[in-house]
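> structure of the sequence below:
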Amino acid sequence: MCLLSIFILLSFILCISKEQVFAAQWYLYSGASARGAVTRGFEGVLAEFVPEDERIYGYVQAQAEVNWNRLGGVLSLGTWEISEDTIESGALLDRTENRLFIDEMYFYYGDDEKNFFTSQIGWTNTVILDGYILDDYYPGGTLRFNFLRGEKQLSLEGYVCKVETDSLISGSKSFISGTQLTYSAKPSGLTLKGGFHVLIERDDYTKQFLNETFYTFLLAARELIMKRLLEKTQNSALAEYMYYQLLTSEVVKEAKADIYWITTRLQWTGENWDFSLLGAIDTGTGRVHTEMPTSTGGVVESDKDIIFFGYMWKGEVSWKFLEWMKASPALLWMSGSADYYRRIIESGRVDAFLSFRPLIYDSAVFFQQGLNLGLHSSAPVTAGLFGTGLVVPQLSFEATLWKRFEVTLSNIGIFTEKKPSEAPSAFIGYEMDFLLQWNFWKDFSLSTELDVFVPGGFFKNTGGTGVMWTLGLDWAVEGEGCF
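Residues are numbered from 1 along each chain as shown. Predicted coordinates for the structure are as follows:
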């Protein structure tokens, strides 16, 4: 509320000022969609993360920006999904009460093209490495020094933000901060970036992350765990009881960690092609306290140091081989561990690449539906199913037909980076995503999307196919003016 009051006050001051001309920009997005998912033969983890579903929903987004001389402010509002589910579950009401529909609300000083020093403060979208590490809205501030401007640019940026969950201001004690050096040469189309980022975790994010991972592991590996419990107890009823205790217990009672990321990115753009290579290393240390239930009804307590070390990289080439079409082959690689949870319990190592609230757009089902376990969690998340990592070759095509139709076709194969001993195969599945958008009149567009996921041999005794479809109508209007 304090930030909102300041934004309104600044806007009022700019409006009544007669000494300088100020500019305003605004836009409004709205849309309605129907979405559904149909699955055949999905069980276990697949059934949980790709459920059959049909719904009709809408959304409204609005943004306003005002600037005066070197000062400016931005207010962005969004309802997210408005549907029967979000209304009945109370999610829409919670967003109204806790966030006031605010996505971004910040003030800025300076222009990166003109000024040596620029800054920004408020609630804004924080993105690290194209969302592979982080993509969320946090309150914080940024300072940027532009040492070179013009054809060749060199800048150093530092930021700090407070990790918030569902409300504008909560009791979170955790912070994310970092710095990034950027060099770009416009004549050659070359851009280089290097960054260092740190999560200072003083809440229960690491604890939640470990408990969620353990719970999912128990669900997916029930057959194997029951077999081992039966060998140990020689009593089926006792084995069932112990499994239930494991499933319903909060095994990790305490966990704290500080996690660091070193990131790099290279982008080189030519007349009809574009090459990008990005990568990151995560490292850090923490402390975990666990309580494992026993067959006698007691618990076995243990404390262990935990060490994080993982890596990821992605290379992509885009080639516009026709005036109206381009092809983009790519390869995404994220480190993992064959026996992820056992490695944590026995040696305290997390070898899988670790993200914090990522938002990955490489595919609609596997990544955006949350099959990449924990994707939409408010805690850290390891890459792949059960921290086994990912190797994802991709090939996509984009075409513009008759200036009004935009077509995107993506094909990806999904493999674990390390195959667990219990899994029949490292092949998770194949996914095909098809999107058609028709810009039929002024600011109106009609789109349809079809996403097909076919599970591979990683999922034992599970065949079938998952299909998601979306049909949407979107409308946008924008304007600007000087006063």
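> for the most centrally placed residue in the chain, which three-state class applies?
In the chain, the centroid-proximal residue (C-alpha atoms, centre = their mean) is residue 359; its distance is 1.6 Å. Secondary structure, DSSP: H, G, I helix; E, B strand; the rest coil: residue 359 is coil.
> look up the closest residue to it, ignoring the ones flanking it.
Spatially, and ignoring its direct neighbours in sequence, residue 359 is nearest to residue 135 (3.7 Å; C-beta to C-beta, 6 or more residues apart in numbering). C-beta coordinates here come from the backbone N, C-alpha and C atoms, glycine included.
> tell me how far the one you found lies from residue 125.
From residue 135 across to residue 125, the span is 7 Å (C-beta to C-beta, to the nearest Å).
> let me know how buried the residue nearest to residue 359 is, in neighbour terms.
Applying other C-beta atoms under 10 Å, we find 19 residues neighbouring residue 135.
> repeat for residue 157
Neighbours of residue 157 under the rule other C-beta under 10 Å: 19.
> re earlier: quick one: the residue nearest to the centre of the chain and residue 131 touch, right?
Yes. Here residue 359 reaches residue 131: they are 4.3 Å apart, a contact under C-beta atoms under 8 Å.
> that older thread, tell me what the residue nearest to residue 359 is bridged to.
residue 127 (DSSP bridges).
> wait, it sits on residue 129?
No. Contact criterion C-beta under 8 Å: residue 135 and residue 129 do not qualify, at 9.4 Å.
> quick one on the thing from earlier: next, give phi and psi for the residue nearest to the centre of the chain.
Phi and psi for residue 359, reported as degrees, to the nearest 10, are phi -140, psi 100.
> ok, now how distant is it from residue 390?
From residue 359 to residue 390 the distance is 16 Å (C-beta to C-beta).
> what mean pLDDT does the strand or helix carrying residue 433 get?
In the assignment (DSSP states H and E), residue 433 maps to strand 427-441. Across strand 427-441, pLDDT averages out at 89.
> just the C-alpha atoms of it, please, in PDB.
Taking Å, rounded to 0.1, in the frame of the first residue of the first chain, the C-alpha atoms of strand 427-441 are listed here in PDB:
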ATOM      1  CA  PHE A 427      14.000 -41.500 -22.400                       C
ATOM      2  CA  ILE A 428      11.400 -39.500 -20.700                       C
ATOM      3  CA  GLY A 429       9.300 -38.700 -23.700                       C
ATOM      4  CA  TYR A 430       8.600 -36.700 -26.900                       C
ATOM      5  CA  GLU A 431       6.600 -33.600 -27.100                       C
ATOM      6  CA  MET A 432       5.200 -31.700 -30.100                       C
ATOM      7  CA  ASP A 433       3.700 -28.200 -29.600                       C
ATOM      8  CA  PHE A 434       1.800 -26.400 -32.400                       C
ATOM      9  CA  LEU A 435       0.600 -22.800 -32.200                       C
ATOM     10  CA  LEU A 436      -1.400 -20.900 -34.800                       C
ATOM     11  CA  GLN A 437      -2.200 -17.200 -34.400                       C
ATOM     12  CA  TRP A 438      -4.500 -15.200 -36.700                       C
ATOM     13  CA  ASN A 439      -4.200 -11.400 -36.400                       C
ATOM     14  CA  PHE A 440      -7.500 -10.900 -38.200                       C
ATOM     15  CA  TRP A 441      -8.400  -7.300 -37.400                       C
END
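> counting by contacts, list what that strand packs against.
Packing partners of strand 427-441 (3 or more C-beta pairs under 8 Å, 6 or more residues apart in numbering; DSSP states H and E): strand 405-415, strand 444-455.
> do I have it right that residue 92 meets residue 78?
No. Between residue 92 and residue 78 there is no contact under C-beta under 8 Å: 11.8 Å.
> can you give me the buried ones in stretch 412-431?
For stretch 412-431, the neighbour count (16 or more other C-beta atoms under 10 Å) marks 412, 414-420, 423, 426-431 as buried.
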